[in-house]
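K.L.:
missing the sequence, but the structure's below:
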Ligand SMILES: Nc1ncnc2c1ncn2[C@@H]1O[C@H](COP(=O)(O)OP(=O)(O)OP(=O)(O)O)[C@@H](O)[C@H]1O
Ligand SMILES: Cc1ncc(CO)c(N)n1
């Protein structure tokens, strides 16, 4: 049994955070474990309250699991504070694990999920340990201090993030204003790069897309797949989860974590190697 871990915040509404991650792990046949950094009182309308865990309690959870179970791959999501990031980096630095960093900063409704003073800790302590980092466009802008409007700027931002020590950078295009396509750009430290494009689904039900996508990458890495394969297969997972919407809630509803496994037909993902 392949064991993976998520270090993230709880979303009471079940569409993002720890809940999205564990559902994705389960659907992909890996054994999910969790370290909870914060509790959010959240639904499809937004984040109503946040209670942050202490860095010491984050350490206790991580060590309890890592000292017992053979965790192969870890993802991070909402990390809440710089102190928590430093604690996690210190624990992960000593272990031989694949690490997917989803640098969560702001929820779709606008709530701040990471203190802005913690961005430096992400850059200095966690990104250098990462196998893959998966920023959306606004997160890539904050991490690099660059404005990203065009493809050439996406590439420059990715180069900057690779220089910080990430093994691979996926800049997600969910926030780009292309009305027809959702394109994610993938850059490896060895110079290889490719773009993955799917048709953009016209829906408001995109709560937790980033969490689900990075959890799927982690699950495939935990199965022993290569980084490139894991990213591509995760794009299939998230596309199906968005296409086959559940229509839940009166705001931005969750994606459909059941869809990939239920649907025997693969969706279309166009790949263009650079
Ligand atoms: N409407 C859409 N149709 C198809 N794919 C989409 C759509 N919106 C986002 N995606 C895809 O979902 C994945 C997550 O991207 P996105 O930019 O939404 O992440 P995010 O902003 O970090 O998500 P969140 O913070 O809500 O969890 C990417 O593969 C992106 O291309
Ligand atoms: C707990 C949590 N993590 C991440 C996100 C980003 O989607 C969210 N809304 N809530």
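P.N.:
Happy to help now that I have it. Since the model is a prediction, treat every value here as computed from it, not as a measurement. Ligands and ions are numbered 1, 2, ... in the order given.
K.L.:
residue 272 should be in a strand, yeah?
P.N.:
Yes. With DSSP: H, G, I helix; E, B strand; the rest coil as the criterion, residue 272 is assigned to a strand.
K.L.:
look up the closest residue to residue 181, ignoring the ones flanking it.
P.N.:
In this structure, residue 181 finds its nearest non-sequential neighbour in residue 197, 5.1 Å apart by C-beta to C-beta, 6 or more residues apart in numbering. Glycine gets a C-beta too; all of them are placed from N, C-alpha and C.
K.L.:
what helix or strand is that neighbour located in?
P.N.:
strand 193-199 (DSSP states H and E).
K.L.:
close to ligand 1, is that strand?
P.N.:
Yes. Strand 193-199 lies within reach of ligand 1 by C-beta under 6 Å from any ligand atom, at residue 198.
K.L.:
how far away is the residue of the stretch 51-200 of the chain found nearest ligand 1 from residue 10?
P.N.:
Residue nearest to ligand 1 within the stretch 51-200 of the chain: residue 174 (2.3 Å; C-beta to the nearest ligand atom). Distance, residue 174 to residue 10, by C-beta to C-beta, to the nearest Å: 23 Å.
K.L.:
the residue of the stretch 51-200 of the chain closest to ligand 1 belongs to a strand?
P.N.:
No. Using three-state DSSP, the assignment for residue 174 is coil, not a strand.
K.L.:
so what's the residue in the stretch 101-250 of the chain that ligand 2 sits nearest to up against?
P.N.:
Per C-beta to the nearest ligand atom, residue 107 is where the stretch 101-250 of the chain lies closest to ligand 2, at 3.6 Å. Contact partners of residue 107, counting by C-beta atoms under 8 Å, 6 or more residues apart in numbering, are 16, 42, 46-47, 113.
K.L.:
same check, this time on residue 212
P.N.:
Contacts of residue 212 by C-beta under 8 Å, 6+ apart are 16, 20-21, 24, 237-238, 241, 255, 257.
K.L.:
greatest separation within these: which pair is it?
P.N.:
For those, with distances taken as C-beta to C-beta, the pair at the greatest spread is 16 and 237 (15.1 Å).
K.L.:
could I get the full set of helices for the stretch 101-250 of the chain?
P.N.:
Shown for the stretch 101-250 of the chain, the helices assigned by DSSP state H, counting those that start in this stretch span residues 119-121, 137-144, 151-163, 209-222, 227-243.
K.L.:
returning to what we had before: of residue 174 and residue 10, who's got more company?
P.N.:
residue 10 (21 against 17; other C-beta atoms under 10 Å).
K.L.:
dig out what the more buried one forms beta bridges with.
P.N.:
Applying DSSP bridges to residue 10 yields these beta-bridge partners: residue 39.
K.L.:
does residue 240 touch residue 263 like I think?
P.N.:
Yes. Using C-beta atoms under 8 Å, residue 240 makes contact with residue 263 at a distance of 5.5 Å.
K.L.:
higher neighbour count, the two?
P.N.:
Neighbour totals were compared for residue 240 and residue 263, and residue 240 leads with 22 against 15 (other C-beta under 10 Å).
K.L.:
mind listing what that one touches?
P.N.:
Residue 240 neighbours (C-beta under 8 Å, 6+ apart): 256, 259-260, 263, 267.
K.L.:
spatially nearest residue to it (excluding sequence neighbours)?
P.N.:
In space, residue 240 is closest to residue 259, 4.1 Å off (C-beta to C-beta, 6+ apart).
K.L.:
how many neighbouring residues does that neighbour have?
P.N.:
20.
K.L.:
cool, and residue 32?
P.N.:
20.
K.L.:
in a helix, it, correct?
P.N.:
No. Secondary structure of residue 32 (three-state DSSP): strand, not part of a helix.
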